[in-house]
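> here is my input, please return the structure:
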Amino acid sequence: MHQRGTISFPIIVVLSAIVFIYYTTVFIFIDNWFGLKTSQGLLNAVGFTVMALMCLFTYAIAISKDPGRVPESFLPDIEDSDTPIHEIKRKGGDLRFCQKCSHYKPPRAHHCRVCKRCVLRMDHHCIWINNCVGHANYKIFFVFVVYAVTACVHSLVLLVGSVLNDNAEDQQPSEGSLRISYIISGLLLVPITLALLILLGWHIYLILCNKTTIEYHEGVRAMWLAKKVGNVYWHPYDLGPYENLTSVLGSSIFTWVCPTSRHIGSGLRFQTAYDNTGLMASSR
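The predicted structure is shown next:
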């Protein structure tokens, strides 16, 4: 069985990249541009160090935190009026039951073939954290991406500024080792920053729609099937942009990037758009 929290090769790659980017940013870019003993250099070094530590801290939590386990005692209560939606199988219309785990699946839960168990509000299995991204660790995963993007953009700005400063001062050409550091850093930073920006934008979109990656792909199929018979598909967990944000990140804007905030709810039941409208799940 997959062991959550174990150190894998992708995790070593991520940690190595963080260490390399931190070293080159502080001891090459900042030192060459401002000097570490100047107020500007010290301010940038302290700010980037804090951001790097937050990246490491949130990354460690995302790796080690259980994404959400389905209780063995879970049983769907089809007579519960507070739960108007019970997800059913695509074929047969039965309540979703996991044959591999031998229990019913709560709404939005899915079985992970890598972790070999069902995960609450599963988004995807991420090889870079050697763990699933689910109900209990989705927020910390998102916060890690926010800090990582901020740190990479900061480092990229310092890289460009350091190179332009060298050229503007018309100094002697940089030493070979320094030029190699600039080249390697650029080749590493640019694709990582672009990839993380795309990832961040994707998850901002998912949060605003209150979807998971799995639900997005299922929704594409559901919209196609609904359109085929002349109906309109509505994602049942879409409560509106602000309500979606608060249901995932917390009620206060000050806690949205706070790495210590707990996840919201049990992960066994989620508020839906039908709770206030009285519509039934058959409209799906």
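
> low-confidence ranges, the protein, go.
The model of the chain has pLDDT under 70 over residues 1-2, 5, 77-94, 168-176, 260-263, 275-284.

> all the strands of it, residue numbers only.
97-98, 103-104, 110-112, 117-119, 124-126, 131-133 (DSSP state E).

> measure residue 211 to residue 273 for me?
13 Å (Cβ to Cβ, to the nearest Å). To be clear about C-beta, it is placed using only N, CA and C from the backbone, and glycine gets the same treatment.

> before we move on, the earlier item: so which of the strands of the chain is the most packed in?
Highest mean neighbour count of the strands of the chain: strand 131-133, a mean of 27 (counted as mean count of other Cβ atoms under 10 Å).

> between residue 211 and residue 273, what contacts are shared?
Jointly contacting residue 211 and residue 273 under the rule Cβ atoms under 8 Å, 6 or more residues apart in numbering are 237-238.

> wait, residue 36 touches residue 30, no?
Yes: between residue 36 and residue 30 a contact is recorded at 6.4 Å, counting by Cβ atoms under 8 Å.

> the more surrounded of the two?
Using other Cβ atoms under 10 Å, the more surrounded residue of residue 36 and residue 30 is residue 30, with 25 against 13.

> give me every residue that touches the more buried one.
36, 41, 44-45, 48, 158, 162.

> how about those residues in TSV, adding distance to residue 124?
Listed next are the contacts of residue 30 as TSV, based on distance: Cβ to Cβ, whole Å:
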residue	distance to residue 124
36	40
41	40
44	35
45	35
48	29
158	32
162	37
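
> which of those count as buried?
41, 44-45, 48, 158, 162 (16 or more other Cβ atoms under 10 Å).

> filter these down to the ones in helices?
Using DSSP state H, the members of these that fall in helices are 41, 44-45, 48, 158, 162.

> and which of those is nearest residue 106?
Nearest to residue 106, judged by Cβ to Cβ, of those is residue 48 at 41.6 Å.

> can I get the ones in helices among the buried ones among the contacts of residue 30 in CSV with distance to residue 269?
Formatted as CSV, those follow (distance: Cβ to Cβ, whole Å):
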residue, distance to residue 269
41, 52
44, 46
45, 47
48, 42
158, 47
162, 52
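
> and the gap between the closest residue to residue 234 other than its chain neighbours and residue 105?
Nearest residue to residue 234, sequence neighbours excluded (Cβ to Cβ, 6 or more residues apart in numbering): residue 273, at 6.8 Å. Going from residue 273 to residue 105 by Cβ to Cβ gives 21 Å.

> can you map out the helices along the stretch 101-250 of the chain?
Ranges of helices in the stretch 101-250 of the chain, per DSSP state H, counting those that start in this stretch, are 138-168, 176-209, 213-228, 241-249.

> point out the most buried one among these.
Highest mean neighbour count of the helices of the stretch 101-250 of the chain: helix 138-168, a mean of 20 (counted as mean count of other Cβ under 10 Å).

> helices or strands next to it in the packing?
Other helices and strands packing on helix 138-168, by 3 or more Cβ pairs under 8 Å, 6 or more residues apart in numbering; DSSP states H and E, are helix 9-24, helix 31-33, helix 39-64, helix 176-209, helix 241-249.

> the first one to helix 176-209, inter-axis angle?
Between helix 9-24 and helix 176-209, the angle comes out at 120 degrees (axes from the mean of the first three to the mean of the last three Cα atoms, to 10 degrees).

> tell me the buried residues in helix 9-24?
For helix 9-24, by 16+ other Cβ under 10 Å, it's 11, 14, 18, 21-22, 24.

> just to revisit the earlier point, redo the strands of the chain as a markdown table? Include distance to residue 233.
Shown next, in a markdown table, are the strands of the chain (distance: least, Cβ to Cβ, whole Å):
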| stretch | distance to residue 233 |
| --- | --- |
| strand 97-98 | 24 |
| strand 103-104 | 24 |
| strand 110-112 | 19 |
| strand 117-119 | 24 |
| strand 124-126 | 22 |
| strand 131-133 | 25 |
